[in-house]
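Peer 1: mind looking at a prediction? Sequence and model below.
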Amino acid sequence: MRFDIEDYKRRTERLRWDVLDLGAFAEHPLDPATLRCLGYMHDVEHHTVCYLRDLLVTPAHADPEVTTFLGLWNYEEYWHGEALGAVLAAHGEPTGADRVGRLRARLGWRDRIRPALTALGSAALGRRLIALHMTWGAINEWTTQAGYLRLAQRSGHPVLAELTRRIARQEGRHIDFYASQAEARLADDGATQRLVRRALRTLWRPVGSGVMLRDDTDFVIAYLFGDDDGRALGHRIDRLPGLPGLRLIDRAVRSRAA
């Protein structure tokens, strides 16, 4: 099914959490494991603008539907980070610009060369790189949405559950876009399917890998996806053209537990 970008433009909005009772965390605070996952998610959501930067040096910048979506996607993801920051702040945890600034400073030269590397890949692969980015985006959004819902389930906190439900609903629209783009760009194109499959098998890592500390990434993956329910997410990836049997989530969980 084709994604309706005009409908998405009408429905895009800042995430609202002001009606939620964040004061409930004072009486019933979240456990340390949940807070650690929330800190990870906060930092990754605020790093979305850097992912956008890298996408725009590919041929994707010439596709008006893709760029329309990316601008709105970045806006919604920013407010996801702000909402998570409000929960962290309610627990006395650092949040906001100072925290994000330290994260980006820590990345150093690795972050500075990413646009150049992406541009080189774009020159070599052309529009097939867009297919890879759209497929990568679909997988990342699937895991992100599942992670939010799984975290709410594990925490058992009603306020967090409502907040993550609101975030997951917006992430669902992001999934719809990326998955529809991936399906369209992979369908009936064996060469692109093979390239994307090989790149995912070789290069894909869970959301936040390479940005967050390895110990934190290992913890979040094991905590949210280290069981049969979590790994069942891989079946959704298998349904994309040319990608059955990749078992990316299984492999990520096993490698992080090693």
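Peer 2: Okay, I see it. Values in this document were obtained by computation on a predicted structure and should not be read as measured data.
Peer 1: now stretch 63-82: average pLDDT?
Peer 2: On average, the pLDDT along stretch 63-82 is 96.
Peer 1: how much space separates the residue lying closest to residue 238 once chain neighbours are set aside from residue 197?
Peer 2: Of all residues not flanking residue 238 in the chain, residue 244 sits nearest, at 4.5 Å (C-beta to C-beta, 6 or more residues apart in numbering). Yep, even glycine has a C-beta here, placed from its N, CA and C like the rest. As judged by C-beta to C-beta, to the nearest Å, residue 244 and residue 197 stand 9 Å apart.
Peer 1: neighbour count for those two, which is higher?
Peer 2: Remark: of residue 244 and residue 197, residue 197 carries more neighbours, 20 against 12, as counted by other C-beta atoms under 10 Å.
Peer 1: coming back round to it: let me know the pLDDT of the residue nearest to residue 238.
Peer 2: 89.
Peer 1: now stretch 78-87: how far from the chain's centre is it?
Peer 2: 14 Å (C-alpha atoms, centre = their mean, to the nearest Å).
Peer 1: pull the CA atoms of it into CSV?
Peer 2: Taking C-alpha atoms only, stretch 78-87 is exported to CSV below (Å, rounded to 0.1, in the frame of the first residue of the first chain):
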residue,chain,number,x,y,z
TYR,A,78,12.7,15.6,18.6
TRP,A,79,9.6,15.8,20.7
HIS,A,80,9.9,12.1,21.6
GLY,A,81,13.3,13.0,23.1
GLU,A,82,11.8,16.0,25.0
ALA,A,83,9.1,13.8,26.4
LEU,A,84,11.5,11.2,27.6
GLY,A,85,13.7,14.0,29.0
ALA,A,86,10.7,15.1,31.2
VAL,A,87,10.5,11.7,32.7
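Peer 1: report the buried residues of that stretch.
Peer 2: Neighbour counts over stretch 78-87 (16 or more other C-beta atoms under 10 Å) mark 78, 79, 80, 81, 82, 83, 84, 85, 86, 87 as buried.
Peer 1: and what of stretch 205-220?
Peer 2: Within stretch 205-220, the residues that count as buried by 16+ other C-beta under 10 Å are 206, 207, 208, 211, 212, 216, 217, 218, 219, 220.
Peer 1: equivalent analysis for stretch 197-205, please.
Peer 2: Residues 197, 199, 200, 204 are the ones in stretch 197-205 that count as buried (16+ other C-beta under 10 Å).
Peer 1: just say helix, strand or coil for the nearest residue to residue 185 once chain neighbours are set aside.
Peer 2: With sequence-adjacent residues excluded and distances taken as C-beta to C-beta, 6+ apart, residue 185 is closest to residue 131, at 3.7 Å. Per DSSP: H, G, I helix; E, B strand; the rest coil, the local secondary structure of residue 131 is helix.
Peer 1: for residue 131, what are its contacts?
Peer 2: 182, 185, 186, 189, 192, 195, 196 (C-beta atoms under 8 Å, 6 or more residues apart in numbering).
Peer 1: need the buried ones from these selected in PyMOL.
Peer 2: Selection command for PyMOL covering only the buried members of those, criterion 16+ other C-beta under 10 Å:
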select buried, resi 182+185+186+189+192+195+196
